[in-house]
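Novice: The following block contains a protein sequence and its predicted model.
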Amino acid sequence: MHNKNVSGNLLEATSSPIAVEQDAAHRAMLIANQPTYGALVLEDGTRFEGISFGYHGAISGEVVFCTGMVGYPEALTDASFSGQILTMTFPIIGNYGVPDKALWEDDHIHIAGLIVSNYVDTPSHPQSKMSLGEWLQREGVPALEIKDTRLLTQHIRNHGAMLGKIVFDEDIPFHDPNIENLVARVSGTEVRHNGEGDTTIVLIDCGAKQNIVRSLVARNVHVVTIPWDYDLFSEERPFDFDGILISNGPGNPKMAAQAVETVRMAMERNIPTMGICLGHQILSLAAGGDTYKLKFGHRSQNQPAIMCGTKRCYITTQNHGFAVGTVPPDFEPWFVNANDGSNEGIKHHERPFFSVQFHPEAAPGPEDTDWLFDYFLEKVRGEND
Ligand SMILES: NC(=O)CC[C@H](N)C(=O)O
C-alpha cells in the first residue's frame, strides 16, 4: 500500500528550509518514484527494514507504540511524545491526511520519528490539507513503513520500553530522552491569555495539549498559560487567578522540579488544583507521593479506567510511560487501570486537589471523562460544596 504521489510532495517540500537540506540522491530517487530504504534499529540490536515516507535524516529516541485506531494528527502534535519514535499499531495510517492547524495539539510535530505498517499517501477527507508524508518532510521528521509493526510491538511488550534509532546511510548513537528535562524544551516561554470568562485558571504549560485550553475556554474560563518554571507566587505577578491546572508533558516528571515546587506552594495556600497526565505525576510528587516507569506504557484511545469503589469504567485516551506508584498522604486512589491495575487518578480526602493519568480533554476522543473539567470548575467556583 505504499502509494506515494512523490513528485507532488517534493514540490511542496522544497519550500521548507529543512526539506531543502534533503540530499540530492534522495531527491533523485523521489523524482524517479523509487522508494528510499531506511531501518529502525533497537538498542538490543533488533533491526526492521522499511521504506521512508518522511524526512530523510537519522534520529534516535525511545521507541513507543500507540494502539489507537485514529488520532495520528493529535498524537504527532502532542508535546508529551517529544523524544519518542512513535509506532502506530493500526495497520493503515495517513488515509485521512492532515487537518488544519486549528485542530492540532500544538503548532508543530513533536514526535522524533514515526513507524507504521502501511502508509497511505492519497488522503481522502474533506478536512485534509496535505498528506502525512508531506507534513513529516516539511517538519523534518523521519518515518518508515516497516510492515511488521505487530512483531515490533510484541518485542517492546516482552522486553519493555527500548531506545531506538531510524537510520539511512549513516549510523548515529542511541539517545535516551528521559535523562533530559524535556518539559523545559517544549514549554512556552511567555504568559498567554485565552478566553474572557468569569473564572481565571492558570495552566502550567509542561507541553500542554491545546484541547485543554479549548475545553476550559468552552466553559467560560479565562485561561492564563504560564511557562513550566514561572514564579507564580512572586510579588510582581500581574494577574489574579482562582485555580491551577497542571498540563500533560514529556519525559520523567522528576525532571520538572520547579513545577513540582510551584504545585506544592499552591496546595499549601489551598488553591484548587487539578493535574492531567504529567500534571497528575507532578501533583503526586508535590504532595509527597512517588512515580515509577511502566514497562511499556499506555498509549491509545481505549484505555479502561475504573472509578475506585464503583463498578463504573470510563474509556479514556492515554499517552504515558510513567505512573504514580505511591499515593501521597491524605489522598486516595480515585481511578485504576482495568488492564494492569496501575493508578489512574488521586484525590485529596477533603481539599480541592485531584489529578488523573488519562486525558479528560481527550482529542480525538472518547469524551467519557470531560465532566472532570466541570467537577474542577465547581470546586473553583465554590458550587456544590
Ligand atoms: N501525556 C503525558 O503527560 C505523559 C506524562 C509522562 N511524560 C509519561 O510519559 O508518563
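Specialist: Cool, got the structure. Numbering: from 1, shown residues only.
Novice: Tell me what M130 is bridged to.
Specialist: On the basis of DSSP bridges, M130 is bridged to V98.
Novice: Give me the local confidence score for it.
Specialist: M130 carries a pLDDT value of 97.
Novice: and if you look at R381?
Specialist: For R381, pLDDT reads 96.
Novice: packing partners for the longest strand anywhere in the chain?
Specialist: Longest strand in the chain by number of residues (criterion: DSSP state E): strand 290-307. If contacts are counted by 3 or more CB pairs under 8 Å, 6 or more residues apart in numbering; DSSP states H and E, strand 290-307 sits against strand 59-66, helix 149-159, helix 278-286, strand 313-326, strand 331-337, strand 343-348. Backbone N, C-alpha and C define where each C-beta goes, glycine included.
Novice: Report the mean per-residue pLDDT for that strand.
Specialist: Mean pLDDT, strand 290-307: 97.
Novice: What strands line up against that strand, and which way round?
Specialist: Counting by DSSP bridges, the strands paired with strand 290-307 are strand 313-326 (antiparallel), strand 331-337 (antiparallel).
Novice: Run the contact check for the longest one versus the ligand.
Specialist: It stands for strand 313-326. Yes - using CB under 6 Å from any ligand atom, strand 313-326 reaches the ligand at 319-322.
Novice: what do you get for the last one?
Specialist: No - applying CB under 6 Å from any ligand atom, one finds that strand 331-337 is not in contact with the ligand, the shortest distance being 12.8 Å.
Novice: buried ones in stretch 378-385?
Specialist: 379-381 (16 or more other CB atoms under 10 Å).
Novice: no wait, stretch 284-292
Specialist: Neighbour counts using 16+ other CB under 10 Å place 284-287, 289, 291 of stretch 284-292 among the buried residues.
Novice: Show me the helices in the stretch 1-150 of the chain, by range?
Specialist: When secondary structure is read from DSSP state H, counting those that start in this stretch, the stretch 1-150 of the chain shows helices at 6-13, 17-20, 24-31, 72-76, 132-138, 149-159.
Novice: Pull the contacting residues for the closest residue to D78 other than its chain neighbours.
Specialist: Excluding its sequence neighbours, the residue lying closest to D78 (CB to CB, 6 or more residues apart in numbering) is E105, at 4.7 Å. By CB atoms under 8 Å, 6 or more residues apart in numbering, the residues touching E105 are 74, 77-79, 209-211, 363.
Novice: what residue is smack in the middle of the chain?
Specialist: S80 (3.1 Å; CA atoms, centre = their mean).
Novice: so how far is the ligand from it?
Specialist: 3 Å (CB to the nearest ligand atom, to the nearest Å).
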